[in-house]
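Enquirer: here you go, sequence then predicted model.
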Amino acid sequence: MSKAIGDSKLLEKRIPRSAKWSNVRGRVDTGASMSKHLAKVEDIQANFRIQRGELFKRLKLSTFAALVLEVDKVNMMNESEENEAPVQDDIVERVETTPRQPNFLDVIRGTGELNLKEQNENLKLPPKPKLPKEHTPYSSTPYLLVDVRDSDAFQQCHIITAESYPHTNFSRTMNPFSNQMLQFKNLEGHIIVLYDTDELIATECATTMAQRGFENVFVLSGGLRVLAQKLPNGLVTGSLPAEAFMSLDGKTKLRSGKTKYNPKNKVPADMALKRFTHEHLGALSEALDELLMAPSDAGSRLSKSKIDTRSRSRASLMTTTSNSNIKPWK
């Protein structure tokens, strides 16, 4: 009776996991569970540098992506309304280009011939070439996106519409902030978003800004590391750096992620790109819907119907805002 049949510790053995299927997740969302909670805690410890008593706020990557889509739709709507009445602009342009004849006082002062000469030179100037739409910034945006990495890293890869402001400028005694930051400082309905590769620099810069009176400063949670895992397409121009595919300790590569780092395909960022193109917005919208559909990012009991309602509300944003002057980000 002392000898048992088989292995007594058979149920304690763990099933070996394969790295090939480590990213596979179930489609059925059964609600809140301890495994989901532990997975969320593990994700926070692996990708975020959240500390107690932070003076700034945090902005999720999915929330920022939704804000980008809304801002582009509103600006496109405003530009289409401005193009509907070009007659008045032509009249103003003709009045400005019409040469003014010198009057009696100009002749007495001896400036009549000089004015005519300047006007003739201005008329001979060729018309300024019209820039492509993607090379012109948005007319109005509720956010100021600031890249606090070095200028070389910014030229290699950055989020579109971001402004480069290296973190070394924050330690200056005089004028540590740019003019755009001062314009957005505590402005109602506007925020300042800082980001870097892994939150190491952005959190320090945001703390400095919060200590100096900035109440609307945010940090993009996870930085480019989380962006490379969840939304690698549609937000950035250029090639993501190798640090975005490494863990916080910089020693191990991240197993999860939709894209892999390939040093042979490094492409510098398009510095002339000032807004999102249709290709960027299409890829971003598809990636955002896929991210919201994932059970791991769906919260406790967020069903598929609720996520479809969100996507339909974003799709109907154009018709909703056309009937009123209320901007969605306000």
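Expert: All right, it came through fine.

Enquirer: where does the stretch 1-150 of the chain have low pLDDT?
Expert: Within the stretch 1-150 of the chain, the segments meeting pLDDT under 70 span 1-4, 85-128.

Enquirer: where along the stretch 151-300 of the chain do the strands fall?
Expert: 157-159, 163-164, 191-195, 217-220, 236-238 (DSSP state E, counting those that start in this stretch).

Enquirer: in the longest helix that the chain contains, what's buried?
Expert: Taking DSSP state H as the criterion, the chain has its longest helix at helix 61-83. Buried residues in helix 61-83, counted by 16 or more other CB atoms under 10 Å: 61-62, 64-75, 77-78. In this view, the C-beta of every residue, glycine as well, is placed from N, C-alpha and C.

Enquirer: what does stretch 272-290 give?
Expert: For stretch 272-290, by 16+ other CB under 10 Å, it's 273-277, 280-281, 283-285, 287-288.

Enquirer: what's the closest of these to residue 181?
Expert: residue 274 (18.4 Å; CB to CB).

Enquirer: spatially nearest residue to that closest one, not counting backbone neighbours?
Expert: The shortest distance from residue 274 to any non-neighbouring residue, by CB to CB, 6 or more residues apart in numbering, is to residue 137 (4.4 Å).

Enquirer: now that neighbour: how far from residue 261?
Expert: Noted for residue 137: a distance of 30 Å to residue 261, by CB to CB, to the nearest Å.

Enquirer: ok, those two, which is more surrounded?
Expert: Using other CB atoms under 10 Å as the criterion, residue 137 and residue 261 rank with residue 261 on top: 18 against 11.

Enquirer: correct me, but that one touches residue 243?
Expert: No: taking contacts as CB atoms under 8 Å, residue 261 lies outside contact range of residue 243: 9.2 Å.

Enquirer: near residue 260, how many other residues are there?
Expert: The tally of other residues near residue 260 (other CB under 10 Å) stands at 10.

Enquirer: can you check the one 3 residues further on too?
Expert: Counted by other CB under 10 Å, the residues lying close to residue 263 total 7.

Enquirer: ok, now which ones touch it?
Expert: residue 242 (CB atoms under 8 Å, 6 or more residues apart in numbering).

Enquirer: got it, and residue 185?
Expert: Applying CB under 8 Å, 6+ apart, we find residue 185 in contact with 177, 192, 213-214, 216.

Enquirer: the same query, at a cut-off of 6 Å, please.
Expert: By CB atoms under 6 Å, 6 or more residues apart in numbering, the contact set of residue 185 is residue 214.

Enquirer: then residue 221?
Expert: Shown in contact with residue 221 (CB under 6 Å, 6+ apart): 48, 58, 60.

Enquirer: please name the nearest non-neighbouring residue to it.
Expert: Nearest to residue 221 is residue 58, by CB to CB, 6+ apart, at 4.8 Å.

Enquirer: what is the burial count for that neighbour?
Expert: Neighbours of residue 58 under the rule other CB under 10 Å: 17.

Enquirer: quick check: it touching residue 220?
Expert: No: applying CB atoms under 6 Å, one finds residue 58 not in contact with residue 220, separated by 8.0 Å.

Enquirer: what's near enough to touch residue 224?
Expert: Contacts of residue 224 (CB under 6 Å, 6+ apart): 197, 244.

Enquirer: at which residues are the helices of the stretch 51-200 of the chain located?
Expert: For the stretch 51-200 of the chain, the helices defined by DSSP state H, counting those that start in this stretch cover 61-83, 87-97, 104-109, 112-124, 151-156, 179-184.

Enquirer: neighbouring contacts of the fifth one?
Expert: Taking CB under 6 Å, 6+ apart as the criterion, the residues outside helix 151-156 that touch it are 147, 164, 238, 268-269.

Enquirer: who's in contact with residue 47?
Expert: Listed by CB under 6 Å, 6+ apart, the contact set of residue 47 reads 222, 225-226.

Enquirer: first-to-last residue distance for stretch 262-270?
Expert: One end of stretch 262-270 to the other measures 19 Å (CA to CA, to the nearest Å).

Enquirer: actually stretch 153-167, sorry about that
Expert: Counting by CA to CA, you get 12 Å between the two ends of stretch 153-167.
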